[in-house]
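Peer 1: just the structure for this:
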Amino acid sequence: MSLHKDETIFVAGHRGMAGDAIHGKLLSDGFNKVIGRTRAELDLLDRAAVRAFFEKERPAVVIDAAAKVGGILANSEQPVEFLLQNLTIQNNLIEAAADFGTRKLLFLGSSCIYPKMAPQPIPESALLTGPLEPTNDAYAIAKIAGIKLCQSYAREYGKNFISGMPTNLYGPHDNYDLHNSHILPAFIRKVHEAKKSGAKSITVWGTGTPRREFLHTTDLAEACLFLLEHYDEPDLVNIGCGEDVTIRELAETVCDVLGFDGTLEFDTSKPDGTPRKLLDISKIKSLGWCPRIPLPEGIADAYRWFCENYSEARL
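Peer 2: Purely as a prediction, here's the structure:
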């Protein structure tokens, strides 16, 4: 089901990292009725406000890129907030889309929906086959519920509501707050500040041995547009780059790209999280989409944005 340039497309969470990339991609591709709302303009936790917005705007297409997100520390300290807020946001959006005539919805989840000890690379079929990683299970459970709600609307009401599961994302508009950021932006900030202060080392949480996959948001945006135009099934689809690196290798790559020659110190009292998390992207590749941006090039792009927007970045 192709998209039309003149139909209303609502990107929920368009000020976040993923939503901003998707919003920008749609505009650059010539879609002229792409709308977004800031939190001040529309509180997605307010069901009545969300329904009033949908009743007025009647978006034909909705991309749900809105969520409360964070790294291991934030997830561990705020499981209630991660579970309740994400459930509320996605329930409000998906229900309103169904009730007010949205013809297609893309729900964005996360690779953390899969079991901690899932087979590697992780196929979509691994969902609900084992226990989750405890450090982010509240967020994961909320996202699993969103997938199931979309699938239920498809089965019960015939809605064209699809779900994409991105791997770890990075890029412009990332969160650089060391208390609740993800690992790659945290490394970028730590290395940047170490360079400025003349520090000889940076500290890395854990052993450095877990493996992670990272996808630039430009690639994510292209994948989302591809799925909106070429995929109409309720079964979820992984969105990744198909390659992973150890945390040590990631830190070393950030140091290389930013030009920092200090040492890495590993704080093994901190948790490692899931040992490995690499998505099997054979499904989306078989449909015709492939990622384009290598990790060093993507890190350089993210760092340029960080430097150019330092005063406005979420620090």
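Peer 1: surely L279 meets N168?
Peer 2: No. Between L279 and N168 there is no contact, the gap being 9.7 Å when judged by C-beta atoms under 8 Å. Placement of C-beta: from N, CA and C, glycine included.
Peer 1: find residues that contact each of these two.
Peer 2: 111, 213 (C-beta atoms under 8 Å, 6 or more residues apart in numbering).
Peer 1: between these two, which one's more packed in?
Peer 2: Neighbour count, other C-beta atoms under 10 Å: between L279 and N168, L279 has more, with 29 against 20.
Peer 1: show me where this protein has its helices.
Peer 2: 17-28, 47-57, 72-77, 79-99, 137-157, 183-197, 217-230, 247-258, 282-287, 295-308 (DSSP state H).
Peer 1: lowest average pLDDT across the ones you listed?
Peer 2: When the helices of the chain are compared by mean pLDDT, helix 72-77 comes last with a mean of 76.
Peer 1: identify the residues contacting the nearest residue to G146 once chain neighbours are set aside.
Peer 2: Spatial nearest neighbour of G146, chain neighbours left out: Q90 (4.2 Å); criterion: C-beta to C-beta, 6 or more residues apart in numbering. Q90 sits next to 64, 66-67, 107, 142, 145-146, 149 when contact means C-beta under 8 Å, 6+ apart.
Peer 1: what's stretch 278-287 in contact with?
Peer 2: 111, 120-124, 165, 167, 211, 213, 223, 226-227, 230-231, 237-244, 291.
Peer 1: distance from that stretch to the middle of the chain?
Peer 2: Chain-centre distance of stretch 278-287: 17 Å, with C-alpha atoms, centre = their mean, to the nearest Å.
Peer 1: which parts of it are buried?
Peer 2: 278-281, 283-284 (16 or more other C-beta atoms under 10 Å).
Peer 1: okay, I94 and Y157: tell me how far apart.
Peer 2: Distance, I94 to Y157, using C-beta to C-beta, to the nearest Å: 11 Å.
Peer 1: try I72
Peer 2: 37 Å.
Peer 1: those two: who's more crowded?
Peer 2: More neighbours surround I72 than the other of I72 and Y157, with 20 against 9 (other C-beta under 10 Å).
Peer 1: residues in contact with the more buried one?
Peer 2: With the criterion set at C-beta under 8 Å, 6+ apart, I72 makes contact with 135-136, 205, 271, 273.
Peer 1: now, the residues you listed that are in strands?
Peer 2: Judged by DSSP state E, the contacts of I72 include W205 as members of strands.
Peer 1: which of the contacts of I72 sits closest to P296?
Peer 2: W205 (22.1 Å; C-beta to C-beta).
Peer 1: I'd say that closest one and E265 touch.
Peer 2: No. Using C-beta under 8 Å, W205 is not in contact with E265, being 10.6 Å away.
Peer 1: distance of E233 relative to A97?
Peer 2: Taking C-beta to C-beta, one finds E233 at 17 Å from A97.
Peer 1: the more surrounded of those two?
Peer 2: Between E233 and A97, counted using other C-beta under 10 Å, the more crowded position is A97 (27 against 12).
Peer 1: tell me who's in contact with that one.
Peer 2: Counting by C-beta under 8 Å, 6+ apart, A97 touches 54, 59, 62, 105, 159, 161.
Peer 1: turn the residues you listed into JSON lines, columns for neighbour count and distance to N175.
Peer 2: Compiled in JSON lines, the contacts of A97 are given as follows (neighbours: other C-beta atoms under 10 Å; distance: C-beta to C-beta, whole Å):
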{"residue": "F54", "neighbour count": "22", "distance to N175": "28"}
{"residue": "P59", "neighbour count": "25", "distance to N175": "26"}
{"residue": "V62", "neighbour count": "24", "distance to N175": "23"}
{"residue": "L105", "neighbour count": "25", "distance to N175": "25"}
{"residue": "K159", "neighbour count": "20", "distance to N175": "32"}
{"residue": "F161", "neighbour count": "26", "distance to N175": "28"}
